[in-house]
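[1] Got a predicted structure plus its sequence, pasted below:
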Amino acid sequence: MSPQEASGELLRMLRQQLESWQRAGLTHLPKLRLQSAGQSSSESQLEMSPGGGQDAVQPSDSGRSVFRKTEQRSSTFQEDRAAALARLAAQVARCRRCPELVRNRTQTVFGSGNPYAQLVFIGEAPGADEDRLGQPFVGAAGQLLTDMIEKGMGLRRSDVYIMNIVRCRPPGNRTPLPEEAQNCRPFLEKQLAIIQPKFICCLGACAAQNLLGTTEPISRLRGKVHSYQGIPVVCTYHPAYLLRTPSAKRQTWEDLQLLMAIMGLPVPKTSVPKPGKRIGE
């Protein structure tokens, strides 16, 4: 590789890393604080290496409370949360645990949204558009999810956080293998530990089964409130499934109403969506 080509490749990697941090919610790069005499490295630097040892990002008992007042969190805490997500996103970008996924991916898809979100949506895996753009839920399925959030629930997509069970696109958009989901589990758990959402919505069987550790079909998981480490979880159909099966929108709207009820949100006075209609219309 010539010096010019090497320089171009370095710039491409740097640009991808900066874009990954931005999608994770980081708007400023923190200043590096040098370790002072007598200060341990664990005190001066946040360690977030997956597997082995003590996780640096762990919610305290009070932090796990799903009813913690968001107003009590300072702007400094929010900045630290965005920085922690950015550091984790950098680790994800370097991950090589699943050789087949690494060979076929364009880039990793970490997640996007508000690091301070009370509600997190979890999907299955990136698709072709997500792999190309580096963002979760884009394209037709992403637009339908946006409609579910904004037209159905009356929120803004920028208010929530969206991610997947795995952060690399499986070849041919196949369902992630159990070992692939397991390899990505530490990243999933650390993302949730950093964000500390009050509510989670699983989109589709893959997300619901992996998060909750069950083999129950989505048809039996939906319509109920489950729990992940004390956080209420509502499961519903994946937007891609709704595009193929518009008749399932009725049940999905019921699930969103259940989610809104436990969140204390007013349910918009909209009719049950008919096949061919978007949720909220």
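    Structure's in. What do you need?
[2] those strands in this protein, which residues are they?
    Under the criterion DSSP state E, the chain contains strands at 112-113, 119-123, 161-164, 199-203, 225-228, 231-236.
[3] Could you say which one of those comes nearest to Trp253?
    For Trp253, the closest of the strands of the chain is strand 231-236, at 9.1 Å, according to C-beta to C-beta. Using the backbone N, CA and C atoms, a C-beta is placed for each residue, glycine as well.
[4] pull the CA atoms of the closest one into CSV?
    Taking C-alpha atoms only, strand 231-236 is exported to CSV below (Å, rounded to 0.1, in the frame of the first residue of the first chain):
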residue,chain,number,x,y,z
ILE,A,231,-36.9,-2.8,34.2
PRO,A,232,-40.4,-3.3,32.7
VAL,A,233,-40.2,-4.9,29.2
VAL,A,234,-43.0,-5.0,26.6
CYS,A,235,-42.5,-7.2,23.5
THR,A,236,-44.2,-6.7,20.1
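[5] so what strands line up beside it?
    Sheet pairing for strand 231-236, assigned by DSSP bridges, gives strand 199-203 (parallel), strand 225-228 (antiparallel).
[6] Dump the strands of the chain to JSON lines, plus mean neighbour count and distance to Glu189.
    Formatted as JSON lines, the strands of the chain follow (neighbours: other C-beta atoms under 10 Å; distance: least, C-beta to C-beta, whole Å):
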{"stretch": "strand 112-113", "mean neighbour count": "22", "distance to Glu189": "17"}
{"stretch": "strand 119-123", "mean neighbour count": "26", "distance to Glu189": "12"}
{"stretch": "strand 161-164", "mean neighbour count": "26", "distance to Glu189": "12"}
{"stretch": "strand 199-203", "mean neighbour count": "26", "distance to Glu189": "12"}
{"stretch": "strand 225-228", "mean neighbour count": "14", "distance to Glu189": "10"}
{"stretch": "strand 231-236", "mean neighbour count": "24", "distance to Glu189": "12"}
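[7] closest to Gly134 out of those strands?
    Closest among the strands of the chain, using C-beta to C-beta: strand 112-113, at 8.9 Å.
[8] same for the closest one, what does it pack against?
    Applying 3 or more C-beta pairs under 8 Å, 6 or more residues apart in numbering; DSSP states H and E, we find strand 112-113 packed against strand 161-164.
[9] before we move on, the earlier item: so for Ile218, which of the strands of the chain sits nearest?
    strand 231-236 (6.3 Å).
[10] between that closest one and strand 119-123, how many degrees?
    Going by axes from the mean of the first three to the mean of the last three C-alpha atoms, to 10 degrees, strand 231-236 is angled at 50 degrees with respect to strand 119-123.
[11] returning to what we had before: distance to Gln143 for the strands paired with strand 231-236 - can I get that in CSV?
    Output for the strands paired with strand 231-236, formatted as CSV (distance: least, C-beta to C-beta, whole Å):
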stretch, distance to Gln143
strand 199-203, 14
strand 225-228, 27
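[12] Out of those, which gets nearest to Gly264?
    Across those, Gly264 has its closest neighbour in strand 199-203 (10.1 Å, C-beta to C-beta).
[13] pretty sure Pro268 contacts Glu150?
    No: contact criterion C-beta atoms under 8 Å: Pro268 and Glu150 do not qualify, at 10.5 Å.
[14] Counting neighbours, go ahead and name the busier of those two.
    Glu150 (16 against 13; other C-beta atoms under 10 Å).
[15] Check the gap between that one and Pro99 for me.
    As judged by C-beta to C-beta, to the nearest Å, Glu150 and Pro99 stand 39 Å apart.
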